[in-house]
Every structure is written in structure tokens, then in C-alpha cells.
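> Here's my sequence, what's the structure:
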Amino acid sequence: MALEGHRGVFITFEGVEGSGKSTQASRLAEALAERGHDVTLTREPGGTPLGERLRQILLDLGERGMTQEAELFLYLASRSEHVASVVEPALSRGGVVIADRFGDASVAYQGGGRSLGAALVERLNEVATRRVKPDVTFLLDLDPGTGLSRLSRRGSGEKDRIESEEVAFHERVRDTYLRSAEREPERFVVLDGALDADSLARLVMAEIDKLLESRRKG
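Got it, this is the predicted structure:
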């Protein structure tokens, strides 16, 4: 089911490592698909063949020596392809796009974590995204130490290049995310990432129900 007569809805999930955003993105996609919506679940970096190859490079521990500028431009390249090939076409047909990370991630990770500056990354994001912005962004806020501990308990193998950064890096990421949410309270929904998955899913769905209802009335 597409949103007839309307451009689609773009929903993103953001947060530090281990915040549970991927789980919530998947659960929301499944719930909306069950209701008959045309749902596209995607992720960054990735979402396209090119993006997935760039993802492998960006997360490879063997690339520890990558410059922070090169890292940023690789994320932007993945995002540009992602918007053109996946996000825009789905929105144009009235579908619901759910992305596990988008432009706010680069503002937080490269702008804050790498200290390149949020303003610089935001300007470059405008080019990479063709000024496409999410309708709603769920920020699952969590203490970085707690999130990294979750990853260790999962025992899913060696941490990737980003996950293995020092805690101070992840704290800068969190702080930048929270500043972004303060600047755009009309778009961001900040949720407690320490809540259990079921509780978070209910909160997310309540917000989405309000958003979809406003679209129908609009």
C-alpha cells in the first residue's frame, strides 16, 4: 500500500554502537509491511551494491590508517548512490523508507567523533543527499560504554573499525547526536536506548501512527 497522492515517508534510526537501532528499524519495517505498506528497509553505509562494497572498506580493521577526510567522503559517496538508487525512487512512488542510519550519522561520527565539524558535514550532506531529509528520525540515546558492552556480550566476533574506537570517540558521537536533536526537535524523537526492545517498539509505533495519520489528513 502506497500513500496515494502523497510523497512517501522517510524514517531513519540513529544512535551509538549497540543502541538497538537496527533491531528497531527491522521491527518497524516488519510491522508496517504486515499492515500492507510498501516498505523499503535499508542501511548506511550500504543499501546498494556500491554502498555495500564501500561498507566493507569503511568497517575493515585493516583500514585503520584511513584519513578522517577519506572516511567522510566514502560515507558521502555511499549516501549519494543510496539516495539516487533507493531512497528517492521509493519515496516517489509513495512508499515508506526505513533507514538504519543516514546523514545524521556522518554529522555525529565524522563531524563530532572525528572532530571535522558538524557544520562542514551538514553542508556536504546537502550535496550527497540532494537535500533529501527524513520526515522523522528516532535517536536511541544510550551511554556509549553500555552500548559497547552490549556488543561484547553478543559475542558476534571481532569489533569493526568504528566499534573498536576509544570510548572518548563514541562519547563525542553521542554528544553531537544530542545537539542535532536539540537543533531539530520537530524531526528528532529521542528515546531511551536502555529500554527493552518491546517497549521501544511500542514507542516507535505510536510516533509512526501519529505521522501516518497526519499524512492521511493532509
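
> Could I get the buried residue list for the helix ranked longest in the chain?
Of all segments of type helix in the chain, defined using DSSP state H, the longest is helix 197-217. Using 16 or more other Cβ atoms under 10 Å as the test for burial, helix 197-217 gives 200-201, 203-204, 208, 212, 215. No exception for glycine: its C-beta is placed from N, CA and C like everyone else's.

> And for stretch 78-96?
78-83, 85-88, 90-91, 94-96.

> Would you check which pair of those lies furthest apart?
Using Cβ to Cβ, the pair of the buried residues of stretch 78-96 lying farthest apart is Ser78 and Gly94, separated by 25.1 Å.

> if I look at the closest residue in space to Ile11 that isn't next to it in sequence, how far off is Val107?
Excluding the flanking residues, the one nearest Ile11 by Cβ to Cβ, 6 or more residues apart in numbering is Ile98, at 4.9 Å. Noted for Ile98: a distance of 20 Å to Val107, by Cβ to Cβ, to the nearest Å.

> ok now do Gly103, which residues does it touch?
By Cβ atoms under 8 Å, 6 or more residues apart in numbering, the contact list for Gly103 reads 79, 122, 125, 128-129, 133.

> Which strands and helices lie in contact with the lowest-mean-pLDDT helix or strand in the chain?
The least trusted helix or strand in the chain, going by mean pLDDT, DSSP states H and E, turns out to be helix 144-154, with a mean of 89. Helices and strands touching helix 144-154, as assessed by 3 or more Cβ pairs under 8 Å, 6 or more residues apart in numbering; DSSP states H and E, comprise helix 167-183.

> going on from the helix it packs on, what's the next piece of helix or strand?
Later in the chain than helix 167-183, the nearest helix or strand by DSSP states H and E is strand 188-192.

> one step back: host element of the residue nearest to Ile11?
Per DSSP H and E: strand 96-100 holds Ile98.

> Following the chain past that strand, name the next helix or strand.
Immediately after strand 96-100, counting by DSSP H and E, sits helix 103-106.

> and stretch 181-201, what's its mean pLDDT?
The average pLDDT within stretch 181-201 is 98.

> cool, and stretch 85-101?
97.

> How far does stretch 201-216 sit from its chain's centre?
Relative to its chain's centre, stretch 201-216 lies at 18 Å (Cα atoms, centre = their mean, to the nearest Å).

> so where's this protein uncertain?
1-5, 155-157, 218 (pLDDT under 70).

> Go ahead and flag the most central residue of it.
Most central in the chain under Cα atoms, centre = their mean is Arg101, positioned 1.4 Å from the mean C-alpha point.

> Surely it is in contact with Val16?
No - with contact defined as Cβ atoms under 8 Å, Arg101 does not count as touching Val16 (11.3 Å).

> before we move on, the earlier item: and the buried residues of helix 197-217 as JSON lines, adding distance to Pro49?
Listed next are those as JSON lines, based on distance: Cβ to Cβ, whole Å:
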{"residue": "Leu200", "distance to Pro49": "31"}
{"residue": "Ala201", "distance to Pro49": "30"}
{"residue": "Leu203", "distance to Pro49": "34"}
{"residue": "Val204", "distance to Pro49": "29"}
{"residue": "Ile208", "distance to Pro49": "29"}
{"residue": "Leu212", "distance to Pro49": "31"}
{"residue": "Arg215", "distance to Pro49": "32"}
